[in-house]
Structures are given as structure tokens and as C-alpha cells.
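Chemist: I'd like to go over a predicted model; first the sequence, then the structure.
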Amino acid sequence: MDLVNIFIKSIFIDNMIFAYFLGMCSYLAVSKTVDTAVGLGAAVIFVLGITVPINYLLENHILKEGALTWISDDLANTDLSFLSFIMFIAVIASMVQLVEMIVEKLSPALYGALGIFLPLIAVNCSILGGALFMQERQYSSMAEATAFALGSGVGWFLAIVAIAAIREKIRYSHVPAPLRGLGITFIITGLMGIAFMSFMGIQL
């Protein structure tokens, strides 16, 4: 039940976009059409689902103080946590490179539509944020870290697909000239963020 709670909470209550506004650059730039939004959202789910568990293992079995006792008791006082940022980013960059190669091979059209924003997943705040939140919240098992990662990815996916669908519809609306483009998108994002705040009342 704890895994379900973590998963649901990370989608609705701790949504990366609407609660923390992480990954806004890709969210705004790639949300012009639903097709590209779905592609990038799926890539973010994949990258989060792979990198957070890997970083959990790194954190708990290599980087934390005393984590290296599985090698030798002499390393009980060794603390490599100062390497967390570098190691987390290295793992994320490696996985993003893998995703980029897979997308380019399987869907050249989607690869072209995503453009520079596909490799930029490596510096997407929500991806590194997932690893840092995992570290801060000190999940007790890799299953909990994975549930959090997948929930965060699904939450980001829902956010970008929702705004993409709205942006496709408002092309046919009479939006005042000064608000067209990013202006109305920021307003809608703010309203969606307020709407998602209502989920904070859920008791999990």
C-alpha cells in the first residue's frame, strides 16, 4: 500500500510541474502538439524510471557514509556523498543518450520533432529533481524509489500532454493578441497548478 501511496502522491500532490515547476523549459517548448508531447513525456517516464533506481543504488551502496562496508569493514567511515551531483548527472546523461539513440532509430519523425529538447532531457530539472528528492526523502527500499520515479514521470507526462491538448484547441480561440503564444500558456499553467493544489487535501 505504501508503494501505491508514493506513486499516487508523486503524480498529483507532488507533481513535478504543478507543485515544483521543474522541467518548465521542455514543458513549454515541446507542448505545441500532442504527438510531440506524448513522445517527450514517454521519454521522461523512461529516464526517470531508470535513473532514480540506479541513483538509489549508488547513493545507498557507494556514496553514503558507511555504504562501502559490503566491500570491507575498513571503509565504514568512508563518505563519498560529495560526489552525489556528479554521479547522478553522469547516470542521467548516459540514460538520455540511450533514449536519444532509441528514438532516432525507431521514430525518426519524432526525433526530428523533438529536436534539441530530446538531448536536453539530460539537464531537465525534473530528472535531476527526481534523484535529489529521492536522496532527501530517504526511501527505505528501491521499490519505493522506483514507485516515486514512475509516479513523477507519469505526473510530468500528464502535465505536458494536457497543456499540449489545450494549446491545440486554443489556436481556434479568440485569444487577445498580447497573450498569444507563451502568454496564454503561462496563464493556463498557473490555473492548472491551482487546480492540482486541490489534490493536497487527499489523505494517503
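Modeler: Great, that's in hand.

Chemist: helix or strand for Gly193, which one?
Modeler: Using DSSP states H and E, Gly193 sits in helix 182-197.

Chemist: Now do that helix: which elements does it pack against?
Modeler: Identification of packing neighbours for helix 182-197 by 3 or more C-beta pairs under 8 Å, 6 or more residues apart in numbering; DSSP states H and E yields helix 24-29, helix 142-170. In short, each C-beta sits where N, CA and C put it, glycine included.

Chemist: immediately after the first one, which helix or strand?
Modeler: Along the chain past helix 24-29, the next helix or strand (assigned with DSSP H and E) turns out to be helix 34-58.

Chemist: How far does the lowest-mean-pLDDT helix or strand in the chain sit from its chain's centre?
Modeler: Ranked by mean pLDDT, DSSP states H and E, the weakest helix or strand in the chain is helix 108-114, scoring a mean of 81. Relative to its chain's centre, helix 108-114 lies at 20 Å (C-alpha atoms, centre = their mean, to the nearest Å).

Chemist: Over to stretch 76-86?
Modeler: Centroid separation for stretch 76-86 versus its chain: 24 Å, with C-alpha atoms, centre = their mean.

Chemist: Need the contact partners of it.
Modeler: With contacts defined as C-beta atoms under 8 Å, 6 or more residues apart in numbering, stretch 76-86 is touched by 59, 62-69, 135.

Chemist: Show me which pair in these is furthest apart.
Modeler: Distances among these were taken as C-beta to C-beta; the most separated pair is Thr69 and Gln135, at 19.4 Å.

Chemist: Of the two, which one has the most company?
Modeler: Using other C-beta atoms under 10 Å as the criterion, Thr69 and Gln135 rank with Gln135 on top: 21 against 13.

Chemist: just checking, what packs against whichever strand or helix holds the more buried one?
Modeler: Following DSSP H and E, one finds Gln135 within helix 125-137. Judged by 3+ C-beta pairs under 8 Å, 6+ apart, helix 125-137 is in contact with helix 34-58, helix 84-106, helix 142-170.
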